[in-house]
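S.K.: Mind looking at a prediction? Sequence and model below.
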Amino acid sequence: MRSSSPHRKPRGLHALLAVVLATASLSSARGAPPQLEVTFDESVHAGPYTGRVYVVTTQRAGQSPLEGVGWFDTQPFFAQDVDHWPPGEVLRFDPDRCLGYPSGLDNLPAGAYRLQAVLDLNGRSHDVIRAPGNGVSAVVKLEHDPDQPGSASLRINRTLPRPHLADTDDIKYVRLRSDLLSHFHGHYVHMYAAVAPPPRYQRNKARHYPTIYLVPGFGNTIQDWQWASFFRNLADNVGFEAVVVYLDADCPTGHHVFADSANNGPWGTALVTELIPYLEQRFRLIAEADARYLTGASSGGWSSLWLQITHPETFGGVWSLCPDPVDFSAFQTVDIYDADQNFLRDETGDLRPFSRHGLLGKALVLRDFCRMEEVLGRGGQFQSFDAVFSPRGPDGRPLPLWDRQTGRIDPQVAHAWKKYDIRLVLESNWETLGPRLRGKLHLFCGDQDDFFLDRAFEKLRDSLKRMGSDAYIDIVPGAGHALPPQVWIRAIEQMKMRFELHDPPQAAGHVPAELERDVRRSPYPLRSAGRVRVGLGDGEEPIEEPGGNRLEPIADGFDRGSAELRRDLLTAPGTEAQR
């Protein structure tokens with residue numbers, strides 16, 4: 001159909017002229033991008049590198065460019081994927097190929113920047129920027145003006161140091177190789193923990209203690225062991241002598257929440273059948289459910305609650321604070337089961353918020369937060385949810401719950417998430433779960449949670465009331481995501497009261513024979529690969545473990561991985577490595 005409008009579509013030479021003028025106008029409006037060139041030394045990574053390369057920036061005085069990437073008010077950063085990029089070869093960041101946040105490289109505002117380049121070499125942490133072992137360049141200055149674009153050459157010539165986790169009187173470190181997780185992933189996988197005994201632990205070596213298993217929130221790793229000391233001191237202040245075990249939930253996809261999943265593997269089962277039995281052999285912990293308590297906040301709050309309801313006979317109680325969504329019909333502001341809802345926009349078409357205005361900084365919208373995660377590539381909060389709750393796709397990656405560009409929710413993936421919906425799990429199994437959870441559920445959340453977690457929390461509260469649960473539920477008026485210290489103290493006081501109610505015999509020094517069991521028993525036998533560092537802590541003597549392997553002191557707190565070990569796993573008789 002031909003238009004009678006004088007603004008009809010230009011044709012031929014007129015069309016070409018219009019395109020050229022429009023392109024020139026757009027280029028002039030946004031200016032020219034800076035020229036960024038990156039190389040890496042062979043000493044940092046031997047051989048070609050395949051993966052994502054980052055350039056991070058900051059304009060803030062006193063801030064490292066590596067610290068500029070965060071959830072709120074992040075500094076500009078850019079990423080470009082490479083395939084078999086050899087050492088010494090110059091990589092030029094192409095504004096048409098590289099990703100950027102908050103905007104692309106060709107929209108970088110004028111100003112003075114400090115830059116660093118990063119190679120994601122760790123591979124075992126969610127943190128693609130700051131993880132130990134990542135390759136980084138020195139800090140380089142860039143003066144950028146879109147009319148006179150600047151340039152910077154960045155040489156990645158060192159790696160971020162790996163922390164030295166040395167035992168002290170207050171903290172003992174544990175690194176245990178998991179047979180279950182190693183066989184799932186096809187390479188050795190270790191579980192980490194920081195153990196904080198009570199002050200009088202060394203005085204009476206016949207006495208055994210209750211254990212508080214503390215699961216950290218998203219983003220925390222074994223390097224944040226200070227939480228174990230902090231929580232142990234809180235317990236000591238209320239007169240509860242317990243061993244605090246800080247569990248590391250960090251993994252390449254984000255936070256594994258100690259749930260068995262198709263993408264991350266059997267983390268919950270590994271904790272209950274491998275790490276906890278080992279800890280109860282290595283330390284003087286009471287090996288009874290009535291002396292094992294769970295707690296955590298945020299993702300740690302969800303993890304601790306999930307562990308309690310999926311292993312009700314293993315743990316004697318949970319104190320879950322501001323947990324991640326416990327009802328997926330209120331996943332922040334979205335009902336994921338409603339096919340008409342859009343994850344990124346509400347019913348009026350407005351962008352959905354990621355956070356309220358509150359203690360954690362300025363509010364964000366979900367669209368922008370997801371864009372930031374896409375530039376990071378892996379390990380983000382919503383990517384972490386997909387990794388735990390979603391089935392594995394044909395490409396080996398977790399199926400996304402929603403399309404990151406359009407916000408459309410995939411109803412099949414949403415249906416698959418139901419088996420991790422805590423409210424639905426409890427309602428579907430209450431006849432058998434209810435009696436086993438009697439007296440064990442203690443839940444806390446602020447009514448102004450920064451991430452709208454109060455909405456799902458209130459739905460779970462209403463459901464538990466309808467089912468006649470005796471759960472202790474505390475909705476803290478005016479509190480955001482960071483609950484006040486009084487809530488933590490109240491939780492520990494309740495743990496103390498519950499322990500004193502049962503007072504298992506081991507607390508007086510009795511050690512049952514079952515503590516002498518083989519804590520390394522596993523349905524997945526591993527062929528010995530020689531001396532494998534599993535970890536006790538500096539100053540401890542190596543001991544033989546079943547199967548001929550050895551438990552040795554941690555040298556640097558982290559292992560670097562080994563193709564030889566991976567081959568050993570893949571060729572072990574009677575095993576099948578899952579990818």
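M.R.: Sure, I can see it. Numbering: from 1, shown residues only.
S.K.: which residues sit against stretch 48-56?
M.R.: 36, 38, 40, 65-66, 68-69, 75, 77-87, 91, 93, 115-120, 128-129, 154, 377 (Cβ atoms under 8 Å, 6 or more residues apart in numbering). Placement of C-beta: from N, CA and C, glycine included.
S.K.: Only alpha carbons, please: show it as CSV.
M.R.: What follows is stretch 48-56, C-alpha atoms only, in CSV (Å, rounded to 0.1, in the frame of the first residue of the first chain):
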residue,chain,number,x,y,z
PRO,A,48,45.1,-19.6,25.2
TYR,A,49,42.2,-18.4,27.3
THR,A,50,38.5,-19.0,26.5
GLY,A,51,35.9,-17.2,28.5
ARG,A,52,35.0,-13.6,29.6
VAL,A,53,37.4,-10.7,30.0
TYR,A,54,36.4,-7.7,32.1
VAL,A,55,37.4,-4.1,32.3
VAL,A,56,36.2,-2.5,35.6
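S.K.: most centrally placed residue in the protein?
M.R.: In the chain, the C-alpha nearest the mean C-alpha coordinate belongs to His255, at 2.5 Å (Cα atoms, centre = their mean).
S.K.: now that residue: how far from Gly70?
M.R.: Per Cβ to Cβ, to the nearest Å, His255 is found 16 Å from Gly70.
S.K.: One more: Asp236?
M.R.: When Asp236 is compared with Gly70 (using Cβ to Cβ), they lie 33 Å apart.
S.K.: of these two, who's got more company?
M.R.: The residue with the greater number of neighbours, taking Asp236 and Gly70 and applying other Cβ atoms under 10 Å, is Asp236; the counts read 17 against 12.
S.K.: Can you flag the buried ones in the contacts of stretch 48-56?
M.R.: For the contacts of stretch 48-56, a neighbour count by 16 or more other Cβ atoms under 10 Å gives the buried set as 36, 38, 40, 65-66, 68-69, 75, 77-80, 82, 85, 87, 91, 93, 115-120, 128-129, 154, 377.
S.K.: What about the residues you listed, which are in strands?
M.R.: With strands taken from DSSP state E, the overlap with the buried ones among the contacts of stretch 48-56 comprises 36, 38, 40, 77-80, 82, 85, 91, 115-119, 154.
S.K.: Show the average pLDDT along stretch 279-298.
M.R.: Averaged across stretch 279-298, the pLDDT comes to 97.
S.K.: cool, stretch 317-337 as well?
M.R.: Within the predicted structure, the mean pLDDT of stretch 317-337 is 98.
S.K.: how much distance is there from that stretch to the middle of the chain?
M.R.: The gap between the average C-alpha position of stretch 317-337 and the chain average comes to 17 Å, counting by Cα atoms, centre = their mean, to the nearest Å.
S.K.: Give me the buried positions along that stretch.
M.R.: By neighbour count, with 16+ other Cβ under 10 Å as the criterion, the buried positions of stretch 317-337 are 317-332, 334, 336-337.
S.K.: Filter those down to the ones in strands?
M.R.: Within these, membership in strands is found for 317-321, as judged by DSSP E.
S.K.: Now tabulate those in CSV and tack on distance to Tyr420.
M.R.: Formatted as CSV, those follow (distance: Cβ to Cβ, whole Å):
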residue, distance to Tyr420
Gly317, 21
Val318, 16
Trp319, 21
Ser320, 15
Leu321, 19
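S.K.: Ser463 and Trp71: what is the separation?
M.R.: 30 Å.
S.K.: now do Asn204
M.R.: Remark: distance between Asn204 and Trp71 (Cβ to Cβ) = 45 Å.
S.K.: Looking at those two, which is more packed in?
M.R.: More neighbours surround Trp71 than the other of Asn204 and Trp71, with 17 against 11 (other Cβ under 10 Å).
S.K.: secondary structure class for Pro435?
M.R.: Taking DSSP: H, G, I helix; E, B strand; the rest coil as the rule, one finds Pro435 in the helix state.
S.K.: neighbours around it, how many?
M.R.: By other Cβ under 10 Å, the burial measure for Pro435, its neighbour count, is 9.
S.K.: ok, and the closest non-adjacent residue to His502?
M.R.: In this structure, His502 finds its nearest non-sequential neighbour in Asp290, 4.1 Å apart by Cβ to Cβ, 6 or more residues apart in numbering.
S.K.: cool, and His415?
M.R.: In space, not counting the residues next to it along the chain, His415 is nearest to Tyr337; the distance is 8.0 Å by Cβ to Cβ, 6+ apart.
S.K.: these two touch, right, the one you found and Val413?
M.R.: No - applying Cβ atoms under 8 Å as the test, Tyr337 and Val413 come out as separate, 11.1 Å apart.
S.K.: Would you agree the residue nearest to His502 falls within a strand?
M.R.: No - in this structure, Asp290 is helix, not part of a strand, as judged by three-state DSSP.
S.K.: What distance do you get for it to Gly316?
M.R.: Asp290 is 4 Å from Gly316, where distance means Cβ to Cβ.
S.K.: Settle it for me: which of the two has more neighbours?
M.R.: Legend: neighbour count by other Cβ under 10 Å for Asp290 and Gly316, higher for Gly316 (25 against 17).
S.K.: Just list the residues touching the more buried one, thanks.
M.R.: When contacts are counted by Cβ under 8 Å, 6+ apart, Gly316 touches 288-293, 440, 498-499, 502.
S.K.: And the helices in this structure, which stretches?
M.R.: All helices of the chain, identified by DSSP state H, fall at 12-30, 179-185, 226-237, 267-270, 276-282, 299-310, 366-376, 381-389, 411-417, 422-428, 430-436, 453-466, 485-502, 563-570.
S.K.: mind putting these in CSV, distance to Leu108 included?
M.R.: CSV is the format used below for the helices of the chain (distance: least, Cβ to Cβ, whole Å):
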stretch, distance to Leu108
helix 12-30, 10
helix 179-185, 39
helix 226-237, 37
helix 267-270, 40
helix 276-282, 49
helix 299-310, 33
helix 366-376, 14
helix 381-389, 25
helix 411-417, 36
helix 422-428, 43
helix 430-436, 54
helix 453-466, 35
helix 485-502, 42
helix 563-570, 39
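S.K.: Of the ones you listed, which stretch is the most buried?
M.R.: Mean neighbour counts were taken over those using mean count of other Cβ atoms under 10 Å, and the top value, a mean of 26, falls to helix 299-310.
S.K.: what does that one contact?
M.R.: Outside helix 299-310, the residues that touch it by Cβ under 8 Å, 6+ apart are 213-218, 220, 249, 255, 257-259, 268, 271-272, 294-296, 314-315, 317-326, 384, 420, 422, 425-426, 433, 437, 440-441, 443.
S.K.: Any regions of the stretch 351-500 of the chain where pLDDT drops low?
M.R.: Applying pLDDT under 70 to the stretch 351-500 of the chain picks out residues 357-362.
S.K.: related to what we said a few turns ago, just send the contacts of Gly316 back as a markdown table, with distance to Gln281 too.
M.R.: Below are those laid out as a markdown table (distance: Cβ to Cβ, whole Å):
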| residue | distance to Gln281 |
| --- | --- |
| Glu288 | 14 |
| Ala289 | 17 |
| Asp290 | 19 |
| Ala291 | 15 |
| Arg292 | 14 |
| Tyr293 | 19 |
| Lys440 | 25 |
| Arg498 | 24 |
| Phe499 | 21 |
| His502 | 22 |
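S.K.: so which of these comes closest to Ser390?
M.R.: Comparing these against Ser390 with Cβ to Cβ picks out Lys440 as the nearest, at 28.8 Å.
S.K.: For that closest one, grab the count of nearby residues.
M.R.: 22.
S.K.: Setting aside sequence neighbours, what's the nearest residue to it?
M.R.: Across the structure, with Cβ to Cβ, 6+ apart as the measure, the residue nearest Lys440 apart from its sequence neighbours is Gly317 (4.5 Å).
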